[in-house]
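K.L.:
Prediction below, plus the sequence it came from.
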Amino acid sequence: MDQLALLFVLLLGALVSVPVGDRFGLPAPVLMTLFGIVLAVADFVPNVDVPPDLILPLLLPPLLYAAARRTSWRQFAANRRPIFLLAVALVFVTTVCVAVVAHTIVPGLPVAAAVALGALVAPPDPVAATAVAGQLGLPRRLVSILEGEGLFNDVTAIVLYHVAIAAAVSGSFTPGRAALDLVLSAVVAVAVGLALGWGANRLMDLLDDPTLQIGMTLLVPYASYVLAEELHGSGVLAVLTTALFLAEYATDADDVLTRLTGHAFWDIVDTLVTGVAFGLIGLELHNAIRTASGRWGEMLGWAGVVLAVVVVVRLVYLLPATWLTKRLHAKRDYDEDIPMSLRETVVMWWSGMRGVASVALALAIPLTTDDGSAFPDRDEIVFVAFGVIMGTLVLQGLTLPWLVRRLGVQADTEREKEFEKSLAVRAAKAAKRRLKEIEEVEELPEELSEQMLRRAFDIGVRISPDMGDEERREAHENRVRRLQRVRRIQGEMLSAARHEVLAARSEPGADPEIVDRVLRHLDVRSLR
């Protein structure tokens, strides 16, 4: 099996892992990691030959962009305090604790190399956290916090990592310069992200074609990441800034086809890239086995200790941080999402799985320093990092569904229904207002006006059936049944039309482009 065949096997596994995970109640990223481990121990599967410096630029931009599309700038701004405590402060605390322990237990490990190890295992993976949380029916506030933490903690961790690597390679470290680098990296990233977001928004208006616009959204995350890195900024923060800008300003309420197609496209990209990323994590078992040859007991012990530190520090930090956040939240009426109970805090703790970014940073550690000598304890750092990643992904990922069920942490469905109902009412009122505006400038027959008024009400009832009274709901249900019958008959008629047009494609003299154009018209009609 060559590298290309291995890639296609991972892509196939990414697709299959989704229904299998749904069937057995297991997260798809964890299944892909286990699948990668199975491939890693198979003799006929080659070692993965992907340059470490390409892993982050290839995998992170689309994954971050897909995750950021599910949130909003308002949600981030409202949750800035929990995100800061988790994505910035907790990363610093974890890095320091891991560095101290690693420097103590690994003989001869320099402080700078220990800090690099701490930085690369500190950030929980945004893809793993959101993929797992999204399947468990957790309260929306918990999912929002996990998404915010996962999206922004890589920024802090990667900057710390680069500072530590530079210190280990050069042999010198200046705290003031490191702090300045952190600030400049963030400023450059935000500037690049906003500039590219604005430019992409203008360019998509000019393109005015769903295919071209969606293609642009695929290019923009890569452009944002690469340009920010070239200017010594944070590529991760630049991608997030661009994604949040486009989510806020590049949405046309009436561009239905582009929105539906875009959602489908990014769901596909997210599924495939996530599967490949976590499959690669499992495949890295090859390198871990080679590194630990003859030293299994010692190196497994180091990995186990660092894993314990990572897990325990998160719990010890979350308990007072959650208490402090709730106290501040009670004093000031912030519109923010916070854990409301100890059980939710425990779920947040156990959701701290490491993943793609940690693997990429571990593999990107230089082989040599500036003086030509080998990077200190590189093999040991990579093995310990891999042990932490596998331990959190497999142990926490497989047991998190059980823990959620055991603790009974579930979404507040009543609150969600109330919010959905309020949106339905607003949608129906907006439709009625527009109908009145039309009636002021156009003379509508009374029968047509009453029909349009019923349809305005139906807009809301279709979203939330609970919005109307019993009589109206019954009348709506009768209309829905009648409409369903009409749609069924119309659907069968359109199906017959599509089959006839498709049959014409194979006839002598038929122009396939014209056939496809007519078929697209029928498809859009069916969608409507």
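P.N.:
In hand now; what should we look at?
K.L.:
Would you mind listing the buried residues in the helix or strand hosting Glu298?
P.N.:
Using DSSP states H and E, the secondary-structure element containing Glu298 is helix 296-331. Neighbour counts over helix 296-331 (16 or more other Cβ atoms under 10 Å) mark 299, 302-303, 305-307, 309-311, 313-314, 317-318, 321-322, 325, 329 as buried. Where you see a C-beta, it was placed from the backbone N, CA and C, and this is true even at glycine.
K.L.:
mean confidence score for that helix?
P.N.:
Mean pLDDT, helix 296-331: 84.
K.L.:
Spit out the contact partners of Ala112.
P.N.:
Remark: with contacts taken as Cβ atoms under 8 Å, 6 or more residues apart in numbering, Ala112 is in contact with Ala164, Ile165, Ala167, Ala168, Phe173.
K.L.:
Sort out for me which of the residues you listed are in strands.
P.N.:
Among the contacts of Ala112, no member is found in strands (DSSP state E).
K.L.:
In the protein, which residue is most central in space?
P.N.:
Ala67 (2.8 Å; Cα atoms, centre = their mean).
K.L.:
Can you tell me which helix or strand of the chain has the lowest average pLDDT?
P.N.:
Per-element confidence for the chain was summarised using mean pLDDT, DSSP states H and E. The lowest value among helices and strands belongs to helix 126-135, with a mean of 63.
K.L.:
quick revisit: wait, isn't the residue nearest to the centre of the chain in contact with Gly150?
P.N.:
Yes: the criterion here is Cβ atoms under 8 Å, and Ala67 meets it with Gly150 at 7.1 Å.
K.L.:
in the strand or helix carrying Leu423, what counts as buried?
P.N.:
Secondary structure assigned from DSSP H and E places Leu423 in helix 413-441. Neighbour counts using 16+ other Cβ under 10 Å place Lys421, Ala424, Ala427, Ala428, Ala431, Lys432, Leu435 of helix 413-441 among the buried residues.
K.L.:
Quick one: neighbours of the residue nearest to the fifth one when sequence neighbours are not counted, just the number.
P.N.:
Closest residue in space to Ala431, ignoring its immediate chain neighbours: Ala456 at 3.9 Å, by Cβ to Cβ, 6 or more residues apart in numbering. Here the count is done by other Cβ atoms under 10 Å, and Ala456 has 19 residues near it.
K.L.:
go on, Met204?
P.N.:
By the criterion of other Cβ under 10 Å, Met204 has 22 neighbours.
K.L.:
likewise Gly397?
P.N.:
Burial of Gly397, expressed as a neighbour count using other Cβ under 10 Å, amounts to 26.
K.L.:
centre of the chain versus the strand or helix carrying it, how much separation?
P.N.:
Under the assignment given by DSSP H and E, the secondary-structure element containing Gly397 is helix 397-407. On the basis of Cα atoms, centre = their mean, to the nearest Å, helix 397-407 is displaced by 21 Å from the centre of the chain it belongs to.
K.L.:
for that helix, packing partners?
P.N.:
On a contact count with 3 or more Cβ pairs under 8 Å, 6 or more residues apart in numbering; DSSP states H and E, helix 397-407 meets helix 28-41, helix 126-135, helix 342-350.
K.L.:
ok, back up a step: in TSV: the buried residues of helix 413-441, plus distance to Leu138.
P.N.:
Supplementary listing: these in TSV, determined by distance: Cβ to Cβ, whole Å:
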residue	distance to Leu138
Lys421	22
Ala424	24
Ala427	27
Ala428	30
Ala431	33
Lys432	36
Leu435	40
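K.L.:
Adding pLDDT as columns, could you present those residues in CSV?
P.N.:
Written out in CSV, the entries for the buried residues of helix 413-441 read as follows (pLDDT from 0 to 100):
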residue, pLDDT
Lys421, 74
Ala424, 76
Ala427, 80
Ala428, 78
Ala431, 82
Lys432, 82
Leu435, 80
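K.L.:
what's the most distant pair in these?
P.N.:
Within those, Lys421 and Leu435 form the most distant pair, 21.2 Å apart (Cβ to Cβ).
K.L.:
Does Gly391 touch Ala308 like I think?
P.N.:
No: the criterion here is Cβ under 8 Å, and Gly391 misses it with Ala308 at 9.1 Å.
K.L.:
Could you measure from Ile83 over to Ala77?
P.N.:
Ile83 sits 10 Å away from Ala77, taking Cβ to Cβ, to the nearest Å as the criterion.
K.L.:
And those two? Which one has more around it.
P.N.:
Set side by side, Ile83 and Ala77 show unequal neighbour counts under other Cβ under 10 Å, the larger going to Ile83 at 24 against 12.
K.L.:
Spit out the contact partners of that one.
P.N.:
Counting by Cβ under 8 Å, 6+ apart, Ile83 touches Phe76, Ile145, Gly148, Glu149, Phe152.
K.L.:
got it, and Leu398?
P.N.:
Taking Cβ under 8 Å, 6+ apart as the contact definition, Leu398 lies against Leu26, Val30.
K.L.:
Gly21 versus that one, what's the distance?
P.N.:
Distance of Leu398 to Gly21, computed by Cβ to Cβ: 11 Å.
K.L.:
Residues in contact with both of these two, list them for me.
P.N.:
Taking Cβ under 8 Å, 6+ apart as the contact criterion, the common neighbours of Leu398 and Gly21 are Val30.
K.L.:
My guess is Gln410 contacts Leu138. True?
P.N.:
Yes: checked against Cβ under 8 Å, the pair Gln410 and Leu138 is within contact range at 7.3 Å.
K.L.:
list residues touching both of those two?
P.N.:
In the contact map built from Cβ under 8 Å, 6+ apart, the residues linked to both Gln410 and Leu138 are Val404.
K.L.:
Which one of those two is surrounded by more residues?
P.N.:
Neighbours were counted for Gln410 and for Leu138 using other Cβ under 10 Å; Leu138 has more, 23 against 12.
K.L.:
if I pick that one, what's in contact with it?
P.N.:
Applying Cβ under 8 Å, 6+ apart, one finds that Leu138 lies in contact with Val347, Val404, Val409, Gln410, Ala411.
K.L.:
from these, which would you call buried?
P.N.:
Under a neighbour-count criterion of 16+ other Cβ under 10 Å, the subset of the contacts of Leu138 counted as buried comprises Val347, Val404, Val409.
K.L.:
Dump those to a markdown table, plus distance to Ala42 and pLDDT.
P.N.:
Conversion of the buried ones among the contacts of Leu138 to a markdown table gives the following (distance: Cβ to Cβ, whole Å; pLDDT from 0 to 100):
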| residue | distance to Ala42 | pLDDT |
| --- | --- | --- |
| Val347 | 35 | 85 |
| Val404 | 33 | 83 |
| Val409 | 38 | 77 |
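K.L.:
which of the residues you listed lies closest to Leu231?
P.N.:
After measuring those against Leu231 - Cβ to Cβ - the closest member comes out as Val347, at 38.8 Å.
K.L.:
any idea how far that closest one is from Pro139?
P.N.:
For Val347, the distance to Pro139 equals 9 Å [Cβ to Cβ].
K.L.:
so what sits against both of these two?
P.N.:
Both Val347 and Pro139 are contacted by Val409, under the criterion Cβ under 8 Å, 6+ apart.
K.L.:
tell me the domain ranges of this protein?
P.N.:
Segmentation of the chain into domains, based on automatic domain parsing, reads 3-411, 417-527.
K.L.:
Buried deepest among these, which one?
P.N.:
Neighbour counts (mean count of other Cβ atoms under 10 Å) averaged over each of those peak at domain 3-411, with a mean of 19.
K.L.:
my read: Asn79 touches Gly148, true?
P.N.:
Yes: the pair Asn79 / Gly148 is scored as a contact, 5.3 Å apart, by Cβ under 8 Å.
K.L.:
angle of the helix holding Glu298 against helix 342-350?
P.N.:
Angular relation of helix 296-331 and helix 342-350 on a 0 to 180 degree scale: 140 degrees, by axes from the mean of the first three to the mean of the last three Cα atoms, to 10 degrees.
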